[in-house]
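Participant: A predicted structure for the sequence below; I have some questions about it.
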Amino acid sequence: MKKELFSLEITYYDSENELNPKDFQLLQQAHLASQKAYAPYSRFRVGAAVRLANGEIVQGNNQENAAYPSGLCAERVALFYAHATWPDVAVEAIAVTVRSERTIINEPLTPCGSCRQVMAEYEKKSNQKMRVIMQGETGPVMVAESMNVLLPFSFVDDYLLKYKPE
Ligand code: THU
């Protein structure tokens, strides 16, 4: 029997003002995106902004649907658009925020598992770390230097390639 211990590092900032200018701007874009979310059912408006290695910034927000499972999270809306438009450009960072009509959320939102899996795919593909910046509508900011911190042991293409039938 063997046990392994892993350590994961998250940085907490008291506010967005402590971020470097590029990340500050990305977070601002995520906030703008959250205002345009289509979330009539949950009223939980999530905004994401993706910064690519070529400097492009792509916004996304959650898109809900009366047939609930047909909707999609903000992070994947942004990531899929980014990868569909610039398939060979790495994602440097993604910022995620949330706002609610009921109250001001002042704690960070951490992305759902499916979105983390999508981040994992692109981080591995580009072989470049994807920084994840998370904040509520206001309040402290959480930063993971690599999405791998949020989803260690993600499912990767290595398995598929290794066990693919001839
Ligand atoms: N949602 C996101 O957009 N991102 C997440 O990481 C978690 C959840 C959305 C999906 C749905 O529209 C609403 O938030 C409530 O789950």
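Facilitator: Sure, I can see it. Numbering: from 1, shown residues only.
Participant: and the protein, which of its residues are near the ligand?
Facilitator: For the chain, the residues found near the ligand under the criterion CB under 6 Å from any ligand atom are 39, 42, 44, 46, 62, 64, 71, 73-75, 111-112, 115. Where C-beta positions appear, they are placed from N, C-alpha and C, glycine not excepted.
Participant: which of the residues you listed fall in strands?
Facilitator: Restricting the residues of the chain next to the ligand to those inside strands, with DSSP state E as the criterion, leaves 44, 46.
Participant: so which of the residues of the chain next to the ligand is the closest to residue 98?
Facilitator: Ranked by distance to residue 98 (CB to CB), the residues of the chain next to the ligand are led by residue 46 at 4.9 Å.
Participant: gap between residue 33 and the ligand?
Facilitator: Residue 33 sits 10 Å away from the ligand, going by CB to the nearest ligand atom, to the nearest Å.
Participant: quick one: contacts for that residue?
Facilitator: With contacts defined as CB atoms under 8 Å, 6 or more residues apart in numbering, residue 33 is in contact with 47, 48, 49, 59, 60, 61, 74, 78, 97.
Participant: look up phi and psi at the fourth one.
Facilitator: Residue 59 adopts backbone torsions of phi -100, psi 150, taken as degrees, to the nearest 10.
Participant: my guess is it contacts residue 29. True?
Facilitator: Yes - at 5.7 Å, residue 59 and residue 29 qualify as touching, with contact defined as CB atoms under 8 Å.
Participant: list residues touching both of the two?
Facilitator: Common contact partners of residue 59 and residue 29 (CB under 8 Å, 6+ apart): 47, 49.
Participant: farthest-separated two in the residues of the chain next to the ligand?
Facilitator: The largest distance within the residues of the chain next to the ligand, taken as CB to CB, falls between 64 and 111 and amounts to 16.6 Å.
Participant: who has more neighbours, the two?
Facilitator: It is residue 111, of residue 64 and residue 111, that has more neighbours when counted by other CB atoms under 10 Å, with 24 against 19.
Participant: lowest-confidence helix or strand of the protein?
Facilitator: Confidence across the helices and strands of the chain bottoms out at helix 157-162, with a mean of 92, counting by mean pLDDT, DSSP states H and E.
Participant: which among the residues of the chain next to the ligand end up buried?
Facilitator: Those of the residues of the chain next to the ligand that meet the buried threshold are 39, 44, 46, 62, 64, 71, 73, 74, 75, 111, 115, by 16 or more other CB atoms under 10 Å.
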